[in-house]
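1. kindly return the folded structure for what I paste below:
(chains A, B and C)
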Amino acid sequence: MPELPEVETIARQIAERVRGKTIAAYRSDWAGVAARTLGARVAGRRITGVGRRGKLIVFHLDDDHVLLVSLRMTGRLVYDAAPNGEVDRSLRATFTFHDGTRMRFLDSRKFGRILRVPRGDVALDADAEVRHASLPLHARMGIEPLTEAFTVEWLTAFFARRSRAALKPLLLDQSGIAGLGNIYVGEALWRARVHPTRTAGSLTRAEVARLHEAIVWVLQKGIRLNGATLGFAMGDFADVEGRRGGMQREFTVYARAGEPCPRPGCGRAIVRTVVGARGTFHCPKCQKEPERGAVHPRRATAKPEAARRSRAGAGEPR
DNA sequence: GGCGATGTTTCCCC
DNA sequence: AGGGGAAACATCGC
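-> Model prediction:
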């Protein structure tokens, strides 16, 4: 479940606790989490800063490398939390600092990853489009939606480039916009009153503007509430001290099939569908389904020169 | 005990 | 290009 707000919550909390500390030891008995040599490579390195890029937690080391932590589905990073049964069973790696405190990586499903890469190998800049082929995870990450680079104009151009893609899978693609996941995409689409299977090219200017506002709004709200925790079962999201988030109480559609749409004056039952193999929730009244098989023509209001440019562009060889 | 579903990402096929 | 499905793995609920 960790999406941008959850990862941001972890990164901020961890940053306060480990910034400036030196790694005394790294221990992991699980081959999947990182190379066996990671311990030798990070021992003695100081953590100069902690940040987030997309859904990755980024630890800056004093040797021009970064440590990337991908939580994937069930990964967790906890700091000096009292070990309990859950910790014992899903513990995958432990960082011990010189002051004796510890940061643990837990992951019941073992999808998470810890990587050490040269700093220049990862596109850390907010709007970097560069990629690095040697990076096995998140080789390519798109724009950061909470930076000034993410504007309505950017989103308009992005949708023009990917006009035939269905909206929801497109928003989940980390190489376009980095950090959105199943929950926040669903919430943003509801807020913008746009159906998940509309194609990107079919949106009106007003809809693109609403969606832009909605994406930023739901992410900021998620961060403000320290992320979302669903059932608090093993592997569910918890912060670095094991506490739940609060965003789940504010969900409008996610996991609310059958419940009334919370929009004032609506109240229609929320529907669950499957889009791109992911559970998808929407309000059938607020989010109008696209016409089946409809080819969305350029809007009738399109300026003549825009239409000509678009025709010429379509016919050009690449 | 079996089956289906679960937040993410990658990869392969059509 | 984009959609569908499966896989990575473990657990939970019915």
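2. ok, A:G142 to A:R162 distance?
-> As defined by CB to CB, to the nearest Å, A:G142 lies at a distance of 11 Å from A:R162. Backbone N, C-alpha and C define where each C-beta goes, glycine included.
3. ok, now A:P196?
-> Counting by CB to CB, the gap from A:P196 to A:R162 is 15 Å.
4. more neighbours: those two, which one.
-> Neighbour comparison, A:P196 and A:R162: the larger count goes to A:P196, with 24 against 17 (by other CB atoms under 10 Å).
5. quick one, phi/psi of that one?
-> Dihedral pair for A:P196: phi -60, psi -30, per degrees, to the nearest 10.
6. list residues touching both of A:G142 and A:R162?
-> Overlap of the contact sets of A:G142 and A:R162 (by CB atoms under 8 Å, 6 or more residues apart in numbering) consists of A:G176.
7. look at whichever residue of the stretch 201-318 of chain A sits closest to DNA strand B and give its secondary structure.
-> Residue nearest to DNA strand B within the stretch 201-318 of chain A: A:G279 (3.3 Å; CB to the nearest atom of the strand). Secondary structure for A:G279, judged by DSSP: H, G, I helix; E, B strand; the rest coil, is strand.
8. neighbours of it, just the number please.
-> Neighbours around A:G279, by other CB under 10 Å: 14.
9. and the residue of the stretch 151-300 of chain A found nearest DNA strand B, how many residues sit next to it?
-> For the stretch 151-300 of chain A and DNA strand B, the shortest gap (CB to the nearest atom of the strand) falls at A:G181, measuring 2.1 Å. Applying other CB under 10 Å, we find 19 residues neighbouring A:G181.
10. ok, for it, nearest residue in space, not its chain neighbours?
-> A:E3 (3.4 Å; CB to CB, 6 or more residues apart in numbering).
11. check the gap between the residue of the stretch 201-318 of chain A closest to DNA strand B and A:G112 for me.
-> A:G279 is 21 Å from A:G112, where distance means CB to CB.
12. any idea what A:T199 is bridged to?
-> Taking DSSP bridges as the rule, A:T199 bridges to A:A166.
13. that one reaches A:A165, doesn't it?
-> Yes - in this structure, A:T199 is within contact of A:A165 by CB atoms under 8 Å, at 6.5 Å.
14. list the contacts for the residue of the stretch 201-318 of chain A closest to DNA strand B?
-> Taking CB under 8 Å, 6+ apart as the definition, contacts of A:G279 comprise A:182, A:272.
15. let me know the pLDDT of it.
-> Note for A:G279: predicted pLDDT of 87.
16. ok, now the one 5 residues further on?
-> Reported pLDDT at A:P284 in the predicted model: 93.
17. that one: neighbour count?
-> Neighbours of A:P284 (other CB under 10 Å): 14.
18. now do A:I114
-> 26.
19. and for A:E213?
-> 14.
20. how about the secondary structure of the nearest residue to A:F281 once chain neighbours are set aside?
-> Of all residues beyond its chain neighbours, the one nearest A:F281 is A:V253 (4.0 Å), with distances taken as CB to CB, 6+ apart. Here A:V253 takes the coil state, with states given by three-state DSSP.
21. how near is A:V253 to DNA strand C?
-> A:V253 sits at a distance of 19 Å from DNA strand C (criterion: CB to the nearest atom of the strand, to the nearest Å).
22. just the pLDDT for A:A81.
-> 62.
23. and for the one 4 residues further on?
-> In this model, A:G85 is scored at 47, pLDDT.
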